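> no sequence for this one, just the structure:
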């Protein structure tokens, strides 16, 4: 049974502590918990990985080759600066959905450009935790 | 019981005919049918409106004031050119979620900018019909 | 006795409802009422037209050829996107004054450019209803 | 016998009245008359449609699906602002030729960009009514 | 009885001599005379100040603190280059209306940007002397 | 009987060999042959000149002063880079029509700008050989 | 014993009155007083000069040639617009430190560029009065 | 007694070796030594952290939550490319001062933009080691 | 006998002291002396004016109306920032020649744009004092 | 005998797996094997290092100070985003040659800019593994 | 006795015929005649060369190595597009003065940038034939 | 036995004379001599062509159709301005490698863009003569 890798980028581990006005009060643990229960419901396996390190995220993507069906990724700030993660995703070319908790299009101009989106199936921004859950539903529908 | 207005912009009525490679084979009718059944499941009322006319979309948004809970809108090409629809949305200021069937970020540069997104809660792009369904789930969760 | 056409673009009909912080509480009806009384005082005839449709505004401009002395126009959001209205104005080439209720220069960057202004005598922005009244005074002074 | 649809955008109905210095004195009726006689000569059927409304032009394009061989379109000002018409054309994907009466490249900078051209076979600018006639000859040659 | 300061920037003193085609034949003296008579009519006091010196304009704005109700300012060319005057206006934060005799939007591109407008209530451009008179009427209406 | 000079720029001599997908299989010789027969039909004289050298094209334009009625020019890549040819055309100021075999607006961004078009009556792009033939018909209609 | 010239640009004289939210409540006099006492402590002489006039600031810089060791300058708004002050500083080429009371990088985009910084040793922004005091300490350390 | 974290980014560990013309001959150790002695003098605790790894800097910022009063950060090259560090700083929102040893405004254009500055109280550039010492004095004054 | 006004902008008074590498060792006095002797030779009267103040330069231009034949102006840094001086020149519209001692096109990018040049007959840059002398010769040739 | 360090950036370890259409089928191991044998032939020592981590690459560069003659680096995606690696290279200032397996100039626009190239002797792009081998030959020729 | 090469670029041979409104009625022959007589007066030798061919101009520059003292060049349209001529000038590095008959700064935007100026001592624009004569005087003064 | 054409653009003939600091002291003859001997070693035939004329380079490329295996081209300055050479290369579509003696990425901004690279296999910059030799080795490896 193929796994779905849920990748979270820098500072997502600070959810619930960081800028509640922007990110709400939910913590990464709660997000992962919800995803686990939905995964169970949808009979799929999810694996979680969060890092503040671009390199570790790339390592993780590479290590997942042939082990995962798809990737749900919230690259956080690296969305706007990391061609490296874009290339990692394109190197293992599994279905990828990009998720942003906040509506990046209602924030600073430099958050309106994503290096990742063109390599993903699609992008969900601004729907909080539901973005992750919808992405998982979508991913499962592709399996 | 408040309604959710599902607004589709120009050429969405041509779904199933138009560029299947980009938009898939699903028709607008099928999308609306799926939304209706999900709405029934979630015990909410949905109203559908599609027009090739920016003016008619604005009229429809204005007419919905005090009659709807929220708007799910796929403004199609007008996403990138219509400050008018942006202002209409901000004039009745109800929760709004922007949906794009295709991954606009994997297409021409001029489709990467949205006048609407800053006025919406969030945006879903590239997840096909599921984008509408997830938007409806999200909207209902806000009611 | 030649008429002055007062044209209002999309969402101006929502004045009094829409974003009072930006547009104040006055309604379009009240603006037109004040204009009518000033017109009476200045012994000129005014005709009012508001539409959310770029096409209807263009139709109206064209229909007014040889029937009006001048146009006072608040194209609202179309100011920044409609070369079509610019060309309509230049096609009947009557004196035109552009009016904006809010100070567009204190708002988003994309509201700082007008396609219309170069075809008008001048522009009044940010003076609320007075902008319309001053425009009418000016127009009459040109008759 | 398949028809060729000749579509004219906003303000083209004002030809002969509007800016003779730029557009010459010929009227739309005269253009359509010349096209009709050429069509007769070339044994093809032409249908004419002009509107100041982007929406009506899109409706017309959509309605023509499976009824026409090709489209000759002068989108006028919408050439530079309407991704909507571009998408309508790509949705029914029939041979399309873009025509401009005036030499748009000798006018304001904002008229030098066309959203339509990339979806058309080609573009004729600055050759007055002959642009329409040449476009018709070309279209017939493709039938 | 609080005063309204009418500030004119560089070269406005050359009105009547300078580029009549752009600025008309009226002189600054005649403008100030009309304003004085309107002020009398509206029972308010106006003070006039014109300088070719950015520094003197800033000095004057600062000296007016607590002595004036508002400022009507035509910064002329400094409109487009002086953040200094912008900051002076924001430092005494009294109601300010920006006036331009000519329609700056129909002239060179570099005259389309104003550093002042965002600090003002609004802007009147292209209505000649009437711009000053309307600004005075507006200012009085705010007193 | 005044001549019409048909000028072709760099690499047009490689037609039929070069990128058939973009330029079709027709050769320059065939184009010139068609033009000759049309010229005969229209009782005008045409002269053909093709060069890979900007300098030779300029020489040719200059040498044609007082010997030709007009110029049909496909400057090919020089369209986008040669102010020199633009100035040569403006120096002998005869009616000029710019022709491109391929639809330059459907190709790389740097082919969307023409230094020549502003000095020409008009431009035909994307209609293959017909572009030359229509240009000749137009030129003759101006004689 | 060489002097250090402390130069303050337009509107800095309004400190304590102007936008306390941005600049705090301290007045220029208090800044100069603190600088004087620190100067005394560091056994150096300071001279203060503030003007709303770009010209007077340039005059002052020029007059200081051979009379001062270095310049601490807060050009205020002129930072972003005055190549003239830049050139004055480079003409007497004494050590210069640029100081801004507010964090210009957290304010409008047009305040993020400084013509002066490239001619200075360095820049301190956002540290209020301490910016001046640190600059003085640094300057003395260079003597 | 709350600590002040002194964070140095990539290549700062090479001070004294790297480009002495730009950075002087001082080493990071000497900087930290000076800071330690000043800290002792000012009766505050400082902690030093340098890394060539964006991820480790982010980890360190996050780990410092509730353990430090403020951060003095020289992000070096990451200043211009790391939205990730910006977000880490905003997630723990403690007073932050940005320090650059060299005058980044006198170097390449790409060093003139900082993602960090808007999240900091202020920025000191070009004052060598003193920048760190002044930042520490400022930080202590805020405690 | 009409005078020729030689206007020098900010910091030109520092010639001989300022950046000899860029401006050479010649002083403004020597320039004016050479101009005087050439003027004598050419039997014309020259008047010299130098100021660090944009305002005084504008005053001087205005005062010269009807008293001078033409202006030779080296606006120095104001060349690149002063629309005010441009407008002053256009207000008295006498023949004007712009002179720069150094080759502004071999220096920083921001010195490559002149607000003045479009209002002048022409521009001489990089020829040192000879630029002034040639400008005088040219001006006299126009008298 | 000085070593030559061959540094490969993120995702180069996926060669042979990643996008064969772009990168061919060769693996990093095969590249390093070829380099080793060429090194042997040229009697020099090579050391290989690949990491997905910008930080580790910087660490490695720094650790190599005084241990290596030069660096052959393929920074992959970091080429376009990492000023940090640029600064690391400039800090140890050994001869550096930049290598790209694919022709970055035939790919997306954002791959056309390199932060590294200005600090290197030169750059080889698009010659596959030969790029590395040529770089090694060149490096040896400099020893 | 070293020669001075006077180089004229494309279309300068059409002087007197081309756009008299822009270039006046003088012919190249008259310019060269005036230069010859001035050269005689100044006891220097001048050689004239005009070509419509960038390549021939480059050949000529190269052939002149060690045969000429300096170059007076009016590259005409190539000024704005030819890095090739720039490099030719820098390859023989003799004193060069750039001359333009018309005021290029009062014409289209694309004529405001010169690839040549940075390699020249200076530039004279807009002074007609005098530009050449002044350039010759200047060149002789350098001999 | 197919030939390899080695094409050198404008000013490469001046190698050894031109800017030794940038290009070293080697002459074109020496480069060609080295290439000849390497060609002999690799048992392939090379043909050399250098011209200062864009047109002659295009002619040469075209003449080589079916006579050569591939092209090694150093277009020099034309790299950055010649779409014509790009199109010539694409018209005969033989393997092409672009070579630059100097590191164009360490020189002026306008040398960082190549019209040629996208049509080539790859590009070598900054490795002096070795660039040519490596290109030849690579070309032979493709035969």
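Right, received. Where do you want to start? Since the structure is predicted, the reported quantities are computational estimates derived from the model, not experimental observations.

> Which stretches in chain A count as helices?
Listed in chain order, the helices of chain A (DSSP state H) span A:20-23, A:28-41, A:54-63, A:83-92, A:129-142.

> Ok, which of those comes nearest residue H:75?
Relative to residue H:75, the nearest member of the helices of chain A by C-beta to C-beta is helix A:54-63, separated by 15.0 Å. Just so you know, the C-beta spots here come from the backbone N, C-alpha and C atoms, and that holds for glycine as well.

> Show me which parts of the closest one are buried, residue by residue.
For helix A:54-63, the neighbour count (16 or more other C-beta atoms under 10 Å in any protein chain shown) marks A:54-62 as buried.

> And those, which is closest to residue I:21?
The shortest approach to residue I:21 among those belongs to residue A:54, at 45.1 Å (C-beta to C-beta).

> That closest one is in contact with residue J:53, isn't it?
Yes. Contact between residue A:54 and residue J:53 holds when scored by C-beta atoms under 8 Å: they sit 7.3 Å apart.

> Can you pull the residues that touch both of the two?
Residues touching both residue A:54 and residue J:53 (C-beta atoms under 8 Å, 6 or more residues apart in numbering or on different chains) are H:55, J:10.

> Can you get me the centre-to-centre distance for stretch A:82-90 and its chain?
Counting by C-alpha atoms, centre = their mean, to the nearest Å, stretch A:82-90 is centred 13 Å from the centre of its parent chain.

> Confidence-wise, which helix or strand of chain A is lowest on average?
Taking mean pLDDT, DSSP states H and E as the measure, the helix or strand of chain A with the lowest value is helix A:20-23, at a mean of 74.

> ok, now which ones touch residue A:78?
Contacts of residue A:78 by C-beta under 8 Å, 6+ apart are A:9-10, A:54, A:57, A:85, H:83-84.

> what do you get if the cut-off is 10 Å, keeping everything else the same?
Residue A:78 is in contact with A:9-11, A:52-54, A:57, A:84-86, A:114-116, H:54, H:82-84, H:87, counting by C-beta atoms under 10 Å, 6 or more residues apart in numbering or on different chains.

> Quick check: bridge partners of residue A:73?
residue A:7, residue A:98 (DSSP bridges).

> Surely it touches residue A:5?
Yes. Using C-beta atoms under 10 Å, residue A:73 is in contact with residue A:5, at 8.2 Å.

> shared neighbours, those two?
A:49, A:61, A:96.

> so where's chain A shaky on pLDDT?
By pLDDT under 70, the low-scoring segments of chain A are A:1.

> one step back: out of the shared contacts of residue A:73 and residue A:5, who's nearest residue J:121?
Here the nearest of these to residue J:121, counting by C-beta to C-beta, is residue A:61; it sits at 33.0 Å.

> pretty sure the closest one contacts residue J:17?
No. Residue A:61 is beyond contact range of residue J:17, at 12.0 Å (criterion: C-beta under 10 Å).

> Are there residues contacting both of these two? Which ones?
Common neighbours of residue A:61 and residue J:17 (C-beta under 10 Å, 6+ apart) are A:91-92, J:11.

> need those in a markdown table with neighbour count and distance to chain K, can you?
What follows is the shared contacts of residue A:61 and residue J:17, written out as a markdown table (neighbours: other C-beta atoms under 10 Å in any protein chain shown; distance: C-beta to the nearest C-beta, whole Å):
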| residue | neighbour count | distance to chain K |
| --- | --- | --- |
| A:91 | 23 | 38 |
| A:92 | 20 | 43 |
| J:11 | 30 | 35 |
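
> Next, format those residues as CSV and append distance to chain B.
Below are the shared contacts of residue A:61 and residue J:17 laid out as CSV (distance: C-beta to the nearest C-beta, whole Å):
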residue, distance to chain B
A:91, 17
A:92, 18
J:11, 20
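
> hmm, back to that, of all the buried residues of helix A:54-63, which two lie farthest apart?
A:54 and A:62 (12.7 Å).

> Common neighbours of these two, please.
By C-beta under 10 Å, 6+ apart, the residues touching both residue A:54 and residue A:62 are A:88, J:10, J:52.

> Which of the residues you listed sits closest to chain B?
Proximity of the shared contacts of residue A:54 and residue A:62 to chain B was ranked by C-beta to the nearest C-beta; the top entry is residue A:88 with 17.3 Å.

> What parts of chain A come near chain J?
Within chain A, the residues that sit near chain J (C-beta under 10 Å from any C-beta of the partner chain) are A:53-62, A:65-66, A:81-93, A:113, A:115, A:118.

> again, only using 7 Å
Contact residues, chain A versus chain J (C-beta under 7 Å from any C-beta of the partner chain): A:53-55, A:58-59, A:62, A:65, A:81, A:83-84, A:87-88, A:90-91.

> residues touching the residue nearest in space to the middle of chain A, list them.
Nearest residue to the geometric centre of chain A (C-alpha atoms, centre = their mean): residue A:73, 2.0 Å. Going by C-beta atoms under 7 Å, 6 or more residues apart in numbering or on different chains, residue A:73 touches A:7, A:96, A:98, A:116.

> In TSV, list these along with distance to residue B:45.
Shown next, in TSV, are the contacts of residue A:73 (distance: C-beta to C-beta, whole Å):
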residue	distance to residue B:45
A:7	38
A:96	35
A:98	32
A:116	37
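
> Now render those residues as TSV, adding neighbour count and distance to residue K:139.
Below are the contacts of residue A:73 laid out as TSV (neighbours: other C-beta atoms under 10 Å in any protein chain shown; distance: C-beta to C-beta, whole Å):
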residue	neighbour count	distance to residue K:139
A:7	23	67
A:96	24	65
A:98	28	63
A:116	23	59
